[in-house]
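[1] Attaching a predicted model along with its sequence, questions to come.
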Amino acid sequence: MRVSCLQQNLSRGLAIVGRAVASRSNLPVLQNVKIVTDEGMLVLTATNLDIAITTRIGAQVEEEGELTIPARLLTDFVNSLPDDRIDIVTSEDSPGVSLKCQKFEANINGTSAEDFPPIPEVDEGAIIKIAPQILRDTIDHVAFAAATEDSRPVLTGLKIEASEDKFTFAAADGFRLAVYEGKLADTMKEPIEFIIPAKSMQEVGRLIGTDDSQIEFTVTPTGTHALFNIGNVEIVSQLMPGSFPNFRSLIPSEYKHRIVLKRTEFVRAVKSASIFARDGSGIVRFQIIEGEDGGGISITSRAEELGDHQGEISGDVEGEVDDDSKIAFNSKYLAEVLDVLEEGEISFEMSNPSSPGVVKSVGKQDYTHVIMPMFVQW
């Protein structure tokens, strides 16, 4: 291999595929990036076996070739180079590469590209098209609610359903549920549903640009992999086996109490209460209160032997205020959903201290977030 490319292009490409490099693995080659020349382009690929990311960068190719190089070492060295042309030449004696840029030069040992695991091919299957900004917004609103521990692997994924011109994304970790419904950019011929790792969708969200081109992803007929095409980047992700919980049955169909609050004020109040909740198992208590100006909500938290906090914010209350108009949540879960909601008014719905609470944006009815309560002594 003998190629030349710009430092900024190679640095950007390595940053893209680097998200798929395995941090720890029994296969050392998974900590490498595969470099291949193809039709006047330099193709970079990395995988951790759950997800594979491939991108292409412009290059001047004098001799074709391929090999794998330790990703972290290569990335750190390339990022340290000046913004100029980099000449890349493979060694004839052993797998390795020589990089030159101005007066900087390095020799990096690598391995044969044949040792790199093959990337699954997704040539056919159901095609789902979603406008890029809608998809990124959906991922931002849902993926954070997926479980991060593998005690129930299926909950580390997102349940995706697509039928006709609509889609639904859902994530749950046993303590909360996030559901986003939206419109597809193109009608589906046949309905499809599958579970994909939340981490894979978060990588897709990071790579979505600001242009208006549609995001197209293909799901294999066997339901084992999905391919995302995002500009000059391809992401292939494994799909997850198993049965996702019936999330629709977890959404309360009615409520006894509802209060509409300004998001900015609610965020500030939750943040203040969270300071004391850190040393109190994360518990923040909420109680709807009546007032001359329409009512509001009282927010309290306590840190044993350190102190306590109480705050009130006004809002529009629906329903009679009684002994059931109070509930306690983990402050972390509430703060995270408030972070993704748009500015404006937030509606908070509940029935009693032992039933789930529902948080929504007043102007965004396609998103629903359910939080399970914490049982406390009042």
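    In hand now; what should we look at?
[2] and the nearest residue to residue 29 once chain neighbours are set aside, how far is that from residue 95?
    If the residues on either side of it in the chain are set aside, residue 29 comes closest to residue 115, at 5.0 Å by CB to CB, 6 or more residues apart in numbering. Bear in mind the C-beta positions are built from the backbone N, C-alpha and C, glycine included. Here the criterion is CB to CB, to the nearest Å. By it, residue 115 lies 9 Å from residue 95.
[3] What helices and strands are in contact with the longest helix seen in the chain?
    Longest helix in the chain, counting residues (DSSP state H): helix 263-277. On a contact count with 3 or more CB pairs under 8 Å, 6 or more residues apart in numbering; DSSP states H and E, helix 263-277 meets strand 283-289, strand 296-303, strand 307-314, helix 331-340, strand 345-350.
[4] Which segments of the chain make up each domain?
    What automatic domain parsing lists as the domains of the chain is 2-115, 126-248, 252-371.
[5] and the last one, how far apart are its ends?
    End-to-end distance of domain 252-371: 11 Å, with CA to CA, to the nearest Å as the criterion.
[6] looking at the helices and strands packed on helix 263-277, which is closest to residue 231?
    helix 331-340 (24.7 Å; CB to CB).
[7] which residues touch that closest one?
    140-141, 144-145, 175-176, 178, 263, 266-267, 270-271, 273-274, 277, 282-284, 301, 346, 359, 369, 371 (CB atoms under 8 Å, 6 or more residues apart in numbering).
[8] Narrow those to those that are buried.
    141, 144-145, 175-176, 178, 263, 266-267, 270, 273-274, 277, 282-284, 301, 346, 359, 369, 371 (16 or more other CB atoms under 10 Å).
[9] which other residues reach the longest helix of the chain?
    Contacts of helix 263-277 (CB under 8 Å, 6+ apart): 282-284, 299-303, 306-309, 311, 313, 331-332, 334-335, 338-339, 341-346, 348, 361.
[10] which of the residues you listed are buried?
    282-284, 299-302, 309, 313, 331, 334-335, 338, 341, 345-346, 348, 361.
[11] What strand or helix carries the nearest residue to residue 60 once chain neighbours are set aside?
    Of all residues not flanking residue 60 in the chain, residue 4 sits nearest, at 4.5 Å (CB to CB, 6+ apart). Per DSSP states H and E: residue 4 is located in strand 2-6.
[12] could you give the mean pLDDT of that strand?
    On average, the pLDDT along strand 2-6 is 96.
[13] Could I get the buried residue list for it?
    Going by 16+ other CB under 10 Å, strand 2-6 has these buried residues: 3, 4, 5, 6.
[14] wait, what's in contact with the second one?
    I take that to be residue 4. Residue 4 neighbours (CB under 8 Å, 6+ apart): 59, 60, 62, 85, 86, 87, 88.
[15] That one and residue 86, how far apart?
    From residue 4 to residue 86 the distance is 7 Å (CB to CB).
[16] Same check on the last one?
    As for residue 6, its distance to residue 86 is 7 Å (criterion: CB to CB).
[17] Overlap in contacts, the two.
    Contacts common to residue 6 and residue 86, judged by CB under 8 Å, 6+ apart, are absent.
[18] Can you tell me the SS state at residue 123?
    coil (DSSP: H, G, I helix; E, B strand; the rest coil).
[19] Count residues in the vicinity of it, would you?
    Look at residue 123: counted by other CB atoms under 10 Å, it has 7 neighbours.
[20] and what of the one 5 residues further on?
    Number of residues near residue 128 (other CB under 10 Å) recorded here: 22.
[21] how near is it to residue 185?
    On the measure of CB to CB, residue 128 and residue 185 end up 9 Å apart.
[22] who's residue 34 bridged to?
    Following DSSP bridges, residue 34 is listed with bridge partners residue 45, residue 68.
[23] isn't it right up against residue 53?
    No: here residue 34 does not reach residue 53: they are 10.9 Å apart, not a contact under CB atoms under 8 Å.
[24] So which of these two has more stuff around it?
    Legend: neighbour count by other CB under 10 Å for residue 34 and residue 53, higher for residue 53 (28 against 25).
[25] wait, what's in contact with residue 229?
    Taking CB under 8 Å, 6+ apart, one finds 215, 216, 217 in contact with residue 229.
[26] Same list, these, but as TSV with pLDDT, secondary structure and neighbour count please.
    Shown next, in TSV, are those (pLDDT from 0 to 100; DSSP: H, G, I helix; E, B strand; the rest coil; neighbours: other CB atoms under 10 Å):
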residue	pLDDT	secondary structure	neighbour count
215	82	strand	22
216	85	strand	15
217	90	strand	22
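[27] Residue 316: neighbour count?
    14.
[28] sorry, that was for residue 107
    For residue 107, which is what you asked about, the neighbour count (other CB under 10 Å) is 10.
[29] State the pLDDT value of residue 293.
    69.
[30] Please read the previous query as pertaining to residue 323.
    Reported pLDDT for residue 323: 88.
[31] Which residue lies nearest the spatial centre of the chain?
    residue 202 (2.5 Å; CA atoms, centre = their mean).
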